[in-house]
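Engineer: Could you look at this predicted model? Sequence included:
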Amino acid sequence: MTQEAPTRRVVVPGLIVTAAGAAAGYVVASGSSAADPKPPAAEANAVGTAAGGGDTATPLANLADIPANGGLVLEDASMVLTRDGGNGVKAFTSVCTHQGCNVSSVEGGKIICPCHGSKFDAQTGAPVAGPAGEPLAPIPVTVRDDAVFRG
């Protein structure tokens, strides 16, 4: 069975529909803010860079709120704070590097993502189980006067 070449009756309407769709897409996209330049700290997950800004004068949490050898997920700040056995605190983005779900808890030295079972080392942010292959981005924090601050 041989295939016939498309006729003008088939090709021309297809080209017209394609051109109309492209024009409509251009009009919609040109009115959208999605393509506007973003500040340098913006990332796809809206958390910002690992060193990202934030209020350095307002405490993120009190040291007593973070269990020793455990952690605390700060949903409003999109970060997870982890604490060693003493007063050492580390912070990481709470957005899982697998598919962008938010981690839910810190248990047994691991930061847990409930979506697909990824687990990250609570002291380094490195993936230790599950499908995530990239570490959680670190966020600099300091401990002053028994409180944790960004920066």
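Structural biologist: Ah, there it is.
Engineer: now the helices: where do they sit in the protein?
Structural biologist: Here the chain has its helices, by DSSP state H, at 8-30.
Engineer: Find the least confident helix or strand in it, judged by mean pLDDT.
Structural biologist: Here the helix or strand of the chain ranked lowest by mean pLDDT, DSSP states H and E is helix 8-30, holding a mean of 70.
Engineer: What residues does Tyr148 make contact with?
Structural biologist: One correction, residue 148 is Val, not Tyr. Residues in contact with Val148 (C-beta atoms under 8 Å, 6 or more residues apart in numbering) are 59-63, 66, 81, 89, 91, 141-142. From N, CA and C alone the C-beta is placed, and that goes for glycine too.
Engineer: hmm, 6 Å instead?
Structural biologist: Shown in contact with Val148 (C-beta atoms under 6 Å, 6 or more residues apart in numbering): 60-61, 89, 141.
Engineer: again with Thr97
Structural biologist: Per C-beta under 6 Å, 6+ apart, neighbours of Thr97: 132, 134.
Engineer: Please apply the same query to Pro135.
Structural biologist: Applying C-beta under 6 Å, 6+ apart, the residues near Pro135 are 125-126.
Engineer: what pLDDT, on average, does stretch 122-132 get?
Structural biologist: Averaged across stretch 122-132, the pLDDT comes to 96.
Engineer: where in this protein is pLDDT low?
Structural biologist: Per-residue confidence for the chain (pLDDT under 70) gives these ranges: 1-2, 15, 20-55.
Engineer: Show me where it has its strands.
Structural biologist: 61-62, 71-74, 79-83, 89-93, 105-107, 110-112, 119-121, 127-129, 138-139, 141-144, 147-150 (DSSP state E).
Engineer: Using a markdown table, lay out these together with distance to Ile16.
Structural biologist: Formatted as a markdown table, the strands of the chain follow (distance: least, C-beta to C-beta, whole Å):
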| stretch | distance to Ile16 |
| --- | --- |
| strand 61-62 | 60 |
| strand 71-74 | 53 |
| strand 79-83 | 52 |
| strand 89-93 | 47 |
| strand 105-107 | 56 |
| strand 110-112 | 54 |
| strand 119-121 | 52 |
| strand 127-129 | 50 |
| strand 138-139 | 52 |
| strand 141-144 | 58 |
| strand 147-150 | 55 |
